[in-house]
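*Asks:* Below are the sequence and a predicted model; questions follow.
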Amino acid sequence: MATESVPIAPALARRAALQRRVRWLVAATIGYNLVEAAAAITAGAVASSTALLGFGLDSLIEVSSAAAVAWQFTSRDPQRREQTTLRIIAVSFFALAGYVAVQAARALAGHGEARPSTVGLALAGCSLLVMPVLSYLQRRAGRELGSRTAVADSKQTLLCTYLSAVLLAGLAVNALFGWSWADPIAALAIAAVAAREGRQAWRGETCCSAPAIGLQPAADDCGCAPGCQCCT
């Protein structure tokens, strides 16, 4: 029985709309992370909190990652810049993993004792609400567009959500019980996740490289090609 031919590339108008959406989401991510970085670094310096300082530096890495995605879509042929952009995102992941691991080790070794920070608690709680939304919207648009870089950047934004949860837990536990070891233990787990995501981005294993528009129903609920695990 003949197989019906299904177009893989989305219509040009839809593709242009998705690219604009990704650019707007990238702009929102950059703007939020710049504010977040300034607040976290300032609060971290005031409270001598390594966790807050690390969180602020992570926000700056988020800015560089989002800017790399925006840079890709300024090209008339974004696919030519995709590999370079993925490498930039991967390096950002590796840098984040290394920094978090080092700072966690220092904290476990007893270097520095952070004071409670109300500003840090509020910032972590806000990020825990905002970042999952930005990540979901960017990942959804990236999957439909077939942009591995947009999907990879959305993963980094999601990683910031995990860091927000770790920061919130660490600051809360420190403020309530004085258990300073809880934050670096959780941070080491986040560092491992960041390293894994960096490795996948470096290898181009971000999935969803085929646009969801026009795919046959055999694709999964996320619009991924068979064999991909984009929902996880």
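*Replies:* Arrived safely, thanks for sending.
*Asks:* which SSE is the residue minimising distance to the centre of the chain in?
*Replies:* Closest residue to the average C-alpha location of the chain: Q156 at 1.5 Å, with C-alpha atoms, centre = their mean. Per DSSP states H and E: Q156 is located in helix 148-176.
*Asks:* ok now the next helix or strand after that helix, how far from the chain's centre?
*Replies:* Downstream of helix 148-176, the first helix or strand assigned by DSSP H and E is helix 182-203. Computed by C-alpha atoms, centre = their mean, to the nearest Å, the separation of helix 182-203 from the middle of its chain amounts to 11 Å.
*Asks:* Buried ones in helix 182-203, by neighbour count?
*Replies:* Judged by neighbour count (16 or more other C-beta atoms under 10 Å), helix 182-203 contains these buried residues: 183-184, 186-188, 190-191, 193-195, 197-198, 200-202. In short, each C-beta sits where N, CA and C put it, glycine included.
*Asks:* between these, which is closest to A13?
*Replies:* A201 (29.5 Å; C-beta to C-beta).
*Asks:* Verify the stated contact: the closest one with L86.
*Replies:* Yes - between A201 and L86 there is a contact under C-beta atoms under 8 Å: 5.2 Å.
*Asks:* just to revisit the earlier point, so which of the buried residues of helix 182-203 comes closest to A165?
*Replies:* A186 (8.2 Å).
*Asks:* What segments of the protein are helices?
*Replies:* 12-47, 50-73, 78-108, 118-145, 148-176, 182-203 (DSSP state H).
*Asks:* hang on, the earlier thing: go ahead and confirm the residue nearest to the centre of the chain touches S64.
*Replies:* No - the pair Q156 / S64 is not scored as a contact, 9.8 Å apart, by C-beta under 8 Å.
*Asks:* Mutual contacts of these two, please.
*Replies:* Shared contacts of Q156 and S64, defined by C-beta atoms under 8 Å, 6 or more residues apart in numbering, are found at S92.
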